[in-house]
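In: Build the 3D model from these lines:
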Amino acid sequence: MSKSKKNKEPIKYSTLPKALTGITGLDEITEGGLPLGRPTLICGEAGSGKTLMSIEFIVRGAVMYNEPGVFVAFEEQSEELAMNVASLGFDLNKLQADKKIKIDHVHIDRSEIEETGEYDLEGLFIRLGYAIDSIGAKRVVLDTLENLFSGLNNQTVLRMELRRLFGWLKEKGVTAIITGERGEGSLTRQGLEEYVSDCVILLDNRVVNQISTRRLRVIKYRGTVHGTNEYPFLIDEDGISVLPVTSLKMANKVSTERLSTGIPALDEMLGGKGLYRGGSVLVSGTAGTGKTSLAASFANETCRRKETCVYFAMEESPSQIIRNMRSIGMDLQKHVDNGYLHFNASRPNLYGLEMHLVAMHKCIKKYQPKVVIIDPITNFINIGSVIEVKNMLVRMIDFLQEEGISVMFTALSLNTIVNEQTDEGVSSLVDAWILVRDIEFNGERNRGLYVMKSRGMKHSNQVREFIITNNGLKLVEVYLGPEGVLTGSAREQQMLLEKAGEALHSSAIGRKDREILRRRKVLEAKIASLHTEFESVEEELNKVYLEEELKKEILNKNREEVVRLRKGETVAESKTSRKK
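Out: Now for the predicted structure:
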């Protein structure tokens with residue numbers, strides 16, 4: 001028995017008293033379980049799962065809610081029942097030994113009824129009452145009703161006995177399940193049981209395109225609201241799991257935390273921080289563009305953060321993916337060994353769409369991952385229409401958002417009308433859409449990546465060349481050459497040409513610089529010569545000027561001397577004249 005079912009807490013949904021079934025998803029659909037102390041009819045065709053659902057109701061009640069139960073079988077022996085459900089982890093023999101359940105096989109002989117002409121349920125009431133009292137049962141199952149009334153053809157008596165049976169079960173205060181086979185044009189063969197039951201559940205095993213899908217629908221439920229859609233359910237080693245579609249509502253909390261994609265350049269294109277936690281992203285492209293490599297990179301980065309990732313592979317086996325990713329520098333096997341990465345590989349044709357949804361739902365509930373990858377979703381087109389695939393993915397996205405789980409889808413583009421509808425339909429549901437396309441040029445096929453949309457964040461509108469190397473995934477700036485966008489060897493060739501041109505240009509510039517330097521030196525030498533010449537001329541000019549000044553000075557001195565001498569002679573002459 002799974003841990004999730006053991007630890008499941010009772011949920012209160014409405015004021016009408018209800019008994020939790022413990023069956024995954026059924027309590028959500030019925031909003032609390034089956035009507036407490038009232039009978040419930042489970043009807044369906046052979047192989048739809050009536051007996052299994054009723055026996056699980058008894059076992060879950062005894063183990064999870066401490067409510068002992070009585071299972072009355074009109075077809076199978078108790079040993080056969082114990083053997084049939086042992087593969088589901090139900091040990092009926094131990095539960096009987098512990099007096100938690102009681103299985104009673106009642107044989108109805110139609111010939112005896114035909115001989116006596118009488119039909120009376122008093123013997124069944126006594127036997128069933130004793131079984132209930134012996135273990136203090138709170139739950140009762142009668143499987144199946146047709147065998148109980150197989151010898152009764154009088155509709156009036158049949159209706160009266162049915163009412164007696166249902167009334168007796170209500171008086172005993174037990175929560176009862178009565179199983180019935182599907183009739184022609186009615187829910188049951190008699191067409192009466194559904195009218196006297198407080199709750200009617202219809203099981204269906206439908207085959208479409210050679211794919212079988214089990215579905216459940218609550219036909220009526222007196223006194224309470226309930227899910228009215230058809231719900232797919234899965235029978236596996238843990239019992240029955242029902243996917244409650246109507247419980248998924250658009251009232252989920254969102255996170256502002258960002259997660260790396262594992263490719264720094266792609267994170268840079270997504271606002272520099274990556275994707276939002278709890279968001280959804282679609283990676284689409286043609287075959288061989290690297291969609292799975294991008295998904296594996298996201299898974300690898302998740303596991304490096306020591307967070308759990310579930311990888312649903314629809315095309316390749318886990319060993320193929322691990323081997324292929326090892327060639328580009330990613331070791332996913334270590335994450336599998338450490339318990340952080342869980343692969344779930346299956347072909348889409350294994351189940352119908354609804355069964356895939358239930359199986360994924362169950363796997364996610366089991367491992368509680370932080371990131372889910374579905375690679376690729378376009379394979380579901382093989383088992384359903386575009387609208388059906390979109391509806392399935394809507395349910396998956398709603399469920400993951402409710403759980404706060406990030407999801408990455410990959411989609412194969414084939415440039416067909418159906419595929420374009422798939423891309424457009426799914427892309428409107430996701431938060432981010434990354435497109436990888438082939439770029440064919442110069443006889444080569446290269447990859448280009450761009451972000452078509454990314455809600456709630458600034459993102460790049462540029463195309464980047466997407467390169468897969470031995471050391472991982474890289475994004476490089478696309479190169480604009482004279483003839484347009486260049487990728488691959490054409491880009492490398494153009495870059496080499498431009499580098500050569502730059503070298504030649506640098507060399508030419510160097511020569512020019514050296515010539516300028518030489519000419520500058522010549523000019524400076526000429527300027528120095530002119531300076532020297534100017535200084536010589538200036539000196540000559542200054543020499544003449546100084547000589548003139550010196551001459552003037554000498555003349556002035558001579559003149560003064562002459563004047564002085566003359567003055568001296570005059571004084572002498574005056575003295576002589578006085579003497580005379």
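In: what's the nearest residue to G472 if we skip its chain neighbours?
Out: Nearest residue to G472 in three dimensions, chain neighbours excluded: G329, at 4.7 Å (Cβ to Cβ, 6 or more residues apart in numbering). To be clear about C-beta, it is placed using only N, CA and C from the backbone, and glycine gets the same treatment.
In: Are we agreed that the one you found is in a strand?
Out: No: going by DSSP: H, G, I helix; E, B strand; the rest coil, the assignment for G329 is coil, not a strand.
In: Next, it: phi, psi?
Out: phi 90, psi 20 (degrees, to the nearest 10).
In: Any idea how many residues pack against it?
Out: Using other Cβ atoms under 10 Å, the number of residues around G329 comes to 14.
In: Contact partners for it?
Out: Residues in contact with G329 (Cβ atoms under 8 Å, 6 or more residues apart in numbering) are 469-472.
In: Now rank those residues by neighbours and give me the top one.
Out: G472 (16 neighbours).
In: For that residue, give me its contacts.
Out: 263, 297, 328-330.
In: Show me which of the residues you listed are buried.
Out: By neighbour count, with 16 or more other Cβ atoms under 10 Å, the contacts of G472 hold 263, 297, 328, 330 as buried.
In: Closest one to P369 out of those, please.
Out: Distance to P369, by Cβ to Cβ, is smallest for S297 among the buried ones among the contacts of G472, at 16.5 Å.
In: If we only consider the contacts of G472, which is nearest to I377?
Out: For these, the nearest to I377 is S297 (18.3 Å; Cβ to Cβ).
In: What's the separation between that closest one and V283?
Out: 10 Å (Cβ to Cβ, to the nearest Å).
In: try V562
Out: Separation of V562 from V283 (Cβ to Cβ) stands at 119 Å.
In: of the two, who's got more company?
Out: A side-by-side neighbour count of V562 and V283, using other Cβ under 10 Å, places V283 first with 27 against 10.
In: what secondary structure does Q462 sit in?
Out: Classified using three-state DSSP, Q462 is coil.
In: Number of residues surrounding it?
Out: Neighbours around Q462, by other Cβ under 10 Å: 12.
In: is it true that it touches L449?
Out: No: with contact defined as Cβ atoms under 8 Å, Q462 does not count as touching L449 (9.8 Å).
In: Run through the helices of the stretch 451-580 of the chain in chain order.
Out: 488-579 (DSSP state H, counting those that start in this stretch).
In: Tell me which residue is most central in this structure.
Out: V407 (0.5 Å; Cα atoms, centre = their mean).
In: For R464, grab the count of nearby residues.
Out: 20.
In: For it, which residues are in contact?
Out: Taking Cβ under 8 Å, 6+ apart, one finds 265, 269, 448-450, 475-478 in contact with R464.
In: TSV for those, including neighbour count and distance to A46?
Out: Shown next, in TSV, are the contacts of R464 (neighbours: other Cβ atoms under 10 Å; distance: Cβ to Cβ, whole Å):
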residue	neighbour count	distance to A46
A265	17	58
M269	22	56
G448	19	56
L449	26	53
Y450	19	55
L475	23	57
V476	12	62
E477	11	65
V478	19	62
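In: By pLDDT, give me the weakest of those.
Out: Ranked by pLDDT, the contacts of R464 bottom out at V478 (65).
In: Pretty sure D438 sits against R447.
Out: Yes: contact status for D438 versus R447: in contact at 6.7 Å, counting by Cβ under 8 Å.
In: that older thread, may I see the buried ones among the contacts of G472 organised as TSV, with distance to G384 added?
Out: Shown next, in TSV, are those (distance: Cβ to Cβ, whole Å):
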residue	distance to G384
I263	32
S297	29
I328	33
M330	32
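In: Report the mean confidence score over stretch 172-192.
Out: Per-residue scores along stretch 172-192 average to 76.
In: Tell me which helix or strand F125 sits in.
Out: helix 122-135 (DSSP states H and E).
In: Give the buried residues for that helix.
Out: 124-125, 128, 131-132, 135.
In: Need those residues in TSV (columns: pLDDT).
Out: Listed next are those as TSV, based on pLDDT from 0 to 100:
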residue	pLDDT
L124	78
F125	82
L128	86
A131	88
I132	89
I135	91
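In: As a check, name the ranges of all strands in the stretch 51-200 of the chain.
Out: Taking DSSP state E, counting those that start in this stretch to define them, one finds strands in the stretch 51-200 of the chain at 69-73, 101-105, 139-143, 175-181, 199-208.
In: partners of the fourth one in the sheet?
Out: By that I understand strand 175-181. strand 39-44 (parallel), strand 139-143 (parallel) (DSSP bridges).
In: which residues touch the shortest one?
Out: This means strand 139-143. 19, 50-51, 54-55, 57-58, 61-62, 67-76, 128, 132, 148, 169, 172, 174-179.
In: what about 7 Å?
Out: The contact list for strand 139-143, computed with Cβ atoms under 7 Å, 6 or more residues apart in numbering, reads 51, 54, 57-58, 61, 67, 69-74, 132, 148, 169, 174-179.
In: got the angle for that strand vs strand 69-73?
Out: Here the directions of strand 139-143 and strand 69-73 differ by 10 degrees (axes from the mean of the first three to the mean of the last three Cα atoms, to 10 degrees).
In: cool, the longest one as well?
Out: Regarding strand 39-44 and strand 69-73, their directions subtend 40 degrees when assessed with the same axes, to 10 degrees.
In: hang on, the earlier thing: identify all contacting residues around the helix holding F125.
Out: 68, 70, 72, 99, 102, 104, 106, 137, 140, 168, 172, 174.
In: Can you tell me which of these are buried?
Out: 68, 70, 72, 102, 137, 140, 168, 172, 174.
In: wait, S413 sits on A287?
Out: No: with contacts counted by Cβ atoms under 7 Å, S413 stays clear of A287, the gap being 8.6 Å.
In: and the two? which has more neighbours close in?
Out: S413 (20 against 9).
In: possible to save the buried residues of helix 122-135 as TSV with distance to N205?
Out: Shown next, in TSV, are the buried residues of helix 122-135 (distance: Cβ to Cβ, whole Å):
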residue	distance to N205
L124	29
F125	33
L128	30
A131	31
I132	32
I135	33
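In: Of those residues, which is the nearest to N558?
Out: Nearest to N558 among the buried residues of helix 122-135, with distances taken as Cβ to Cβ, is I135, at 160.5 Å.
In: how far away is the closest one from I177?
Out: Distance from I135 to I177, by Cβ to Cβ: 17 Å.
In: Buried ones in stretch 42-50, by neighbour count?
Out: Buried-residue list, stretch 42-50, by 16+ other Cβ under 10 Å: 42-44, 48-50.
In: rewinding a little: out of the contacts of helix 122-135, show me where the pLDDT dips lowest.
Out: V106 (79).
In: Do I have it right that that one meets V72?
Out: Yes: V106 lies in contact with V72 (Cβ under 7 Å); the separation is 5.8 Å.
In: Please point out which parts of stretch 23-37 sit buried.
Out: For stretch 23-37, a neighbour-count test (16+ other Cβ under 10 Å) marks 23-35, 37 as buried.
In: Tell me which of these fall in helices.
Out: 26-29 (DSSP state H).
In: Quick check: bridge partners of A432?
Out: V281, S454.
In: Now do the contacts for it.
Out: Contacts of A432 by Cβ under 7 Å, 6+ apart are 275, 279, 281, 453-455.
In: quick revisit: so which of the contacts of helix 122-135 would you say is closest to K334?
Out: P68 (48.3 Å).
In: I'd like the distance between the closest one and K365.
Out: P68 is 28 Å from K365, by Cβ to Cβ.
In: swap in V430?
Out: Where K365 is concerned, V430 sits at a distance of 22 Å (Cβ to Cβ).
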